[in-house]
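*Asks:* Just a sequence and a predicted model for now, questions to come.
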Amino acid sequence: MLDLQKMRKDIDVIDTQIVKLFEERMKICEDVAQFKIETGKPVFDKNREQEKLEALGSKAHNDFNRCGVQELYEQIMSISRKRQYQLLQENGIEEKSDFVKIENLKKENATVVFQGVEGAYSFAAMHTFFGDQIKSFHVDTWKDAMEEIKKGKADFAVLPIENSTAGIVQDIYDLLTEYDHVIVGEQIIPCEHVLMGLPGTSLFDIRTVYSHPQALMQCREFLEEHRDWQQMEWNNTAAAAKKVAGDKDLSQAAIASRYAADHFGLAVLQEGIYSNVNNSTRFIIVTKKKIYCRDARKISVSYELPHESGSLYNSLSHFIYNGLNMTKIESRPIMERNWEYRFFVDFEGNLSDSAVKNALRGLKSEAQNLRVHGNY
């Protein structure tokens, strides 16, 4: 009869030996790191590691163990690289950064561009973040806003990137990839949508409702109660309010903020129409200058990964091993490369932190097209 306690003791003995050998291996890896520091050789040699994994796998006696050995050594090699990245940092060998640290963001007298019209949530986010001592103007599209920064006609742009009900604004992630602009701040605005129409309009008069697709989605439960209303997507909630005010048609209504209703002289027909009482939108503040504030605590990056087993885990392990807390991860398809994706990650930290520098060094070496989108 098998003795479970004896088998457990045997495993304990083997595990103790494995730990001892692991530490011996790590000591040699530190010596290898010192050699690479002196010679300037890169830490990551993908071909060398692949050859090593195949050689080690061939020593196993069945397919299951072969896969297990290769998976185990993939992690051991990954841990070894992370230790070597730390040693490079400790020896003052740092990656050159294009970012410049500043004390504070200069908000007064800044020129700020936003998409939409006065009364939009982006307009409210702009004034909440910057205050009133600014010059501002609006454009029709988010891409137009990015272009205005690129041309130097605006210092900053205010763009919606995520809503607590509808999720991410995909186009903004694509624009962050297209333009070499930097996130320097964020502002969360409660989106308390109301239904509005011309003074004297009743719910029975309404035939068409205009709003941004995100706002329509955020009010879907209310709109399902009025299925006879035609829902028309508009490029901005405040622009929808402006249209209703301009058309002077009692059969039209808009979904936007109370501020928009007041601004365009519309009557609030019904409040509290949003599905999520905590409905809010996160706006980012973007500029073309590669700057970050001394007290910035969130970093946004993106990178691409090959179609290989464990590639996503290995990329995320750089945050784990450096004690960095990830707050968000999203993926977007890469144009003209079917079924390949770019990953966007937000994590806590400052570009001046050693742990952040270690993580970014590892990502730059092991992932493709790493970009730091901002520290804010």
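*Replies:* Perfect, I can see it now.
*Asks:* What count of nearby residues applies to the nearest residue to residue 317 once chain neighbours are set aside?
*Replies:* Counting by Cβ to Cβ, 6 or more residues apart in numbering, residue 317 lies nearest to residue 78, which is 6.1 Å off, once chain neighbours are set aside. In this view, the C-beta of every residue, glycine as well, is placed from N, C-alpha and C. Residue 78 has 19 neighbouring residues, counting by other Cβ atoms under 10 Å.
*Asks:* now residue 120
*Replies:* By other Cβ under 10 Å, the residues close to residue 120 number 28.
*Asks:* From what I see, it and residue 235 are in contact.
*Replies:* No. Between residue 120 and residue 235 there is no contact under Cβ atoms under 8 Å: 10.1 Å.
*Asks:* distance of the closest residue to residue 334 other than its chain neighbours from residue 235?
*Replies:* Spatial nearest neighbour of residue 334, chain neighbours left out: residue 340 (4.7 Å); criterion: Cβ to Cβ, 6+ apart. Remark: distance between residue 340 and residue 235 (Cβ to Cβ, to the nearest Å) = 30 Å.
*Asks:* coming back round to it: tell me the pLDDT at the residue nearest to residue 317?
*Replies:* Note for residue 78: predicted pLDDT of 91.
*Asks:* if I've got this straight, it is in a helix?
*Replies:* Yes. Looking at residue 78 with DSSP: H, G, I helix; E, B strand; the rest coil, it is inside a helix.
*Asks:* now the nearest residue to residue 59 once chain neighbours are set aside: how far from residue 23?
*Replies:* Distances taken as Cβ to Cβ, 6+ apart place residue 69 nearest to residue 59, at 7.1 Å, with adjacent residues excluded. Distance, residue 69 to residue 23, by Cβ to Cβ: 19 Å.
*Asks:* ok, residue 259 touching residue 119?
*Replies:* Yes. Taking Cβ under 8 Å as the definition, residue 259 is a contact partner of residue 119 at 5.5 Å.
*Asks:* mind checking the SS state of the closest residue to residue 139 other than its chain neighbours?
*Replies:* Leaving aside its sequence neighbours, residue 139 sits nearest to residue 145 (Cβ to Cβ, 6+ apart; 5.3 Å). Put simply, residue 145 is helix when judged by three-state DSSP.
*Asks:* can you map out the helices along the stretch 101-250 of the chain?
*Replies:* For the stretch 101-250 of the chain, the helices defined by DSSP state H, counting those that start in this stretch occupy 121-130, 142-150, 170-178, 213-218, 220-224, 237-247.
*Asks:* Quick one: closest of those helices to residue 86.
*Replies:* Residue 86 sits nearest to helix 170-178 of all these, at 29.5 Å, using Cβ to Cβ.
*Asks:* Who are the packing partners of that closest one?
*Replies:* helix 142-150, strand 156-163, strand 326-333, strand 341-348 (3 or more Cβ pairs under 8 Å, 6 or more residues apart in numbering; DSSP states H and E).
*Asks:* ok, the residue nearest to residue 317 touching residue 314?
*Replies:* Yes. Judged on Cβ under 8 Å, residue 78 makes contact with residue 314 at a distance of 5.6 Å.
*Asks:* what's the pLDDT at the nearest residue to residue 234 once chain neighbours are set aside?
*Replies:* Counting by Cβ to Cβ, 6+ apart, residue 240 is the residue found nearest to residue 234 once chain neighbours are left out, at 4.0 Å. We have a pLDDT of 97 for residue 240.
*Asks:* got it, and the one 10 residues further on?
*Replies:* The model reports residue 250 with a pLDDT of 97.
*Asks:* Show the contacting residues for it.
*Replies:* Contact partners of residue 250, counting by Cβ atoms under 8 Å, 6 or more residues apart in numbering, are 197, 198, 200, 201, 205.
*Asks:* Check which element follows the helix or strand hosting residue 17 along the chain.
*Replies:* Per DSSP states H and E: residue 17 is located in helix 4-39. Using DSSP H and E, the helix or strand that follows helix 4-39 in sequence is helix 46-57.
*Asks:* which strands and helices sit next to that next one?
*Replies:* Using 3+ Cβ pairs under 8 Å, 6+ apart, helix 46-57 is in contact with helix 63-90.
*Asks:* Return the set of buried residues in the helix it packs on.
*Replies:* 66, 69-70, 73-74, 77-89 (16 or more other Cβ atoms under 10 Å).
*Asks:* Check what contacts the host helix or strand of residue 320 and list those residues.
*Replies:* Using DSSP H and E, residue 320 sits in helix 311-321. Around helix 311-321, the neighbours that count as contacts under Cβ under 8 Å, 6+ apart are 74, 78-79, 82, 303, 305, 325-326, 329, 343, 345, 347, 358-359, 362-363, 366-367.
*Asks:* how about the CA coordinates for it, as PDB?
*Replies:* Extracted C-alpha coordinates of helix 311-321, given in PDB (Å, rounded to 0.1, in the frame of the first residue of the first chain):
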ATOM      1  CA  SER A 311       3.700  35.800 -24.500                       C
ATOM      2  CA  LEU A 312       0.900  37.900 -22.800                       C
ATOM      3  CA  TYR A 313       1.700  36.300 -19.400                       C
ATOM      4  CA  ASN A 314       5.500  37.000 -19.800                       C
ATOM      5  CA  SER A 315       4.800  40.600 -20.700                       C
ATOM      6  CA  LEU A 316       2.500  41.100 -17.700                       C
ATOM      7  CA  SER A 317       5.100  39.400 -15.400                       C
ATOM      8  CA  HIS A 318       7.300  42.500 -15.700                       C
ATOM      9  CA  PHE A 319       4.700  44.400 -13.700                       C
ATOM     10  CA  ILE A 320       4.300  41.600 -11.200                       C
ATOM     11  CA  TYR A 321       8.000  41.100 -10.500                       C
END
